[in-house]
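Q: fold the following.
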Amino acid sequence: MYDQESQGSVTRYTHVAYALGYIVTYEELRDDLYEVVSKRRAQQLAFSMRQTKENIAANVYNRAFNSTYTFGDGTSLINNAHPTLTGNQSNLLTTAADISETAIEDMLIQIGLTTNSRGMKISVLPKSLHVPMQLIFEANRIVKSVLQNDTSNNAINVIRSMGAIPEIHANHYFSSATAWFIRTNVPRGMTYFEREAVSFDQDNDSSRAANDNAPWAAIAA
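A: Here you go, the predicted structure:
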């Protein structure tokens, strides 16, 4: 028997250029005036670019439940109706819940039962738990306590004993104080592009400056 591939959804990535600059006078540049101020400006531009990258990456999660932001299959990132050849699949917790031992266990079971587009089980494993700063302490108590968290039962913490959650990460740029995510080892899951490394440059475009021949410095990616 011969099998064949079927084309699935297509996701296209469009690169966006981000740039920010500041203006210095000709005399300031040539005479090396206010060196401390100039260096501080450059440092702030670099800081601004790092913040931009962090926010763009975090927005993938911040918009994960928003139907306005869809991917190749026409659904949001976190959705209970991702279309496949064998029907819809879900990467959303079946019953919405705040982070807890029970909720994490339910999600781990759901992850373990994941199938591919043809309905075959593929032994997906969790890699890391991602939470906002508001949940970092609670997440560590749940995952790393020796015994069950917030209970008088003398029972082991199965999540910890199994090593079910290898890593916990707090993201300072998550906008929700309650949303939490588990990343898995599914290949090509989250993709990050950096078409060109951050660079620092200058030009003499007088149309950008308040006076002629005022060099304009910019940092861009």
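
Q: pretty sure residue 174 is touching residue 132, no?
A: Yes. Using CB atoms under 8 Å, residue 174 is in contact with residue 132, at 3.9 Å. Quick note: C-beta positions are derived from backbone N, CA and C, even for glycine.

Q: let me know the outermost residue of the chain.
A: What lies farthest from the middle of the chain is residue 31; by CA atoms, centre = their mean that is 43.8 Å.

Q: state the distance from that residue to residue 43.
A: 21 Å (CB to CB, to the nearest Å).

Q: same question for the helix or strand harbouring residue 21: list its buried residues.
A: Counting by DSSP states H and E, the element that carries residue 21 is strand 19-23. Buried residues in strand 19-23, counting neighbours by 16 or more other CB atoms under 10 Å, are found at residue 21.

Q: could you do stretch 5-17 as well?
A: Under 16+ other CB under 10 Å, stretch 5-17 has no buried positions.

Q: just stretch 123-138 next, same as before
A: 124, 126, 129, 130, 131, 132, 135, 138.

Q: select from the residues you listed every entry located in helices.
A: residue 138 (DSSP state H).

Q: what about residue 41, which SS state?
A: Following DSSP: H, G, I helix; E, B strand; the rest coil, residue 41 is assigned to helix.

Q: ok, which stretches of the protein are helices?
A: 26-30, 35-62, 101-112, 136-144, 158-162.

Q: least reliable of the ones you listed going by mean pLDDT?
A: For the helices of the chain, mean pLDDT drops lowest on helix 26-30, to a mean of 71.

Q: buried ones in that helix?
A: Buried, per 16+ other CB under 10 Å, within helix 26-30: residue 28.

Q: where in this structure is pLDDT low?
A: 29, 32-35, 204-221 (pLDDT under 70).

Q: one more time with 90
A: 1, 3-14, 16-46, 71-72, 84-87, 94-96, 116-119, 147-155, 187-221 (pLDDT under 90).

Q: I would like the residues contacting the strand of greatest length in it, please.
A: For the chain, the strand with the greatest residue count under DSSP state E is strand 126-132. With contact meaning CB atoms under 8 Å, 6 or more residues apart in numbering, strand 126-132 is reached by 61, 99, 104, 108, 111, 139, 143, 164-171, 174, 176-185.

Q: send the alpha carbons of it over as PDB?
A: Output in PDB follows, covering the C-alpha atoms of strand 126-132 (Å, rounded to 0.1, in the frame of the first residue of the first chain):
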ATOM      1  CA  PRO A 126       5.600  18.700  28.700                       C
ATOM      2  CA  LYS A 127       8.700  20.800  28.800                       C
ATOM      3  CA  SER A 128       8.000  23.900  30.800                       C
ATOM      4  CA  LEU A 129       5.300  25.800  32.700                       C
ATOM      5  CA  HIS A 130       5.000  29.500  31.900                       C
ATOM      6  CA  VAL A 131       3.200  31.900  34.200                       C
ATOM      7  CA  PRO A 132       2.900  35.700  34.900                       C
END
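
Q: list the strands paired with it, with their directions.
A: strand 167-171 (parallel), strand 181-184 (antiparallel) (DSSP bridges).

Q: nearest to residue 27, out of those strands?
A: strand 167-171 (44.2 Å; CB to CB).
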